[in-house]
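A.B. asks: no FASTA, just this:
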Ligand SMILES: Cc1cc2nc3c(=O)[nH]c(=O)nc-3n(C[C@H](O)[C@H](O)[C@H](O)COP(=O)(O)O)c2cc1C
């Protein structure tokens, strides 16, 4: 049997790249639902279903931008208007922003790190699904996403976490071809002795 279809699918995964120049339209309707479903296929130790995806579209993006601006001013009194504008207007640059909420169950036998990793796995599924559906996306965090005021505006408070934002839309400008790491620097066969990574060898 030919492996051509499998190879083509893998090629699609391998040519995903983050895209920051995004325009209208974003995926919507049934296509968006199918993209979002992929998040719910993330591995999930203990079936805790920690994924909480908030879709921020249309005017809601301006409302989020306003909250980000207010939070930044509260965090850094005296911050310049230009920086506030730069930080907050990011949320208007893609037609769809997905806030990646992690509903954390504290004091559970499943460590919190695993609960957060499940949300990260969901994010990766979403990035791949967006790409395979013919759209573009980028995953960003930054100080705003760690700000409790921004998190509270989204309805998240400790121990819940915000794993950042996916910015999603139509690719306005494809990402410049990225230099990708070499497989041999990151994959090795373990044969019974501690692995020596090429990067470690270079550093030593
Ligand atoms: C959790 C997480 C947070 C990130 N936050 C930022 C960020 O705030 N700013 C940024 O420039 N890149 C950030 N990145 C990196 C980009 O999402 C992206 O991976 C990078 O631009 C490389 O592009 P690639 O996905 O095509 O390799 C983040 C990545 C991850 C996994």
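C.D. replies: That came through, no problem. Owing to the predicted nature of the structure, the values given are computational and were not obtained by experimental measurement.
A.B. asks: Relative to the ligand, how far out is residue 22?
C.D. replies: 13 Å (C-beta to the nearest ligand atom, to the nearest Å). From N, CA and C alone the C-beta is placed, and that goes for glycine too.
A.B. asks: Tell me, how many residues neighbour residue 110?
C.D. replies: 16 (other C-beta atoms under 10 Å).
A.B. asks: typo on my end, residue 143
C.D. replies: Neighbours of residue 143 using other C-beta under 10 Å come to 13.
A.B. asks: How about the residues of the chain by the ligand?
C.D. replies: 17-18, 138-142, 164, 175, 178 (C-beta under 6 Å from any ligand atom).
A.B. asks: do that again at 8 Å, thanks
C.D. replies: Neighbours of the ligand within the chain, by C-beta under 8 Å from any ligand atom: 16-20, 120, 123, 127, 138-142, 145, 163-164, 175, 178, 180.
A.B. asks: For the nearest residue to residue 23 once chain neighbours are set aside, give me its contacts.
C.D. replies: Among residues not flanking residue 23 along the chain, residue 172 sits closest, at 4.2 Å (C-beta to C-beta, 6 or more residues apart in numbering). Shown in contact with residue 172 (C-beta atoms under 8 Å, 6 or more residues apart in numbering): 21-23.
A.B. asks: Return the distance of residue 172 relative to the ligand.
C.D. replies: Applying C-beta to the nearest ligand atom, the value for residue 172 to the ligand is 16 Å.
A.B. asks: same deal with residue 84?
C.D. replies: 17 Å.
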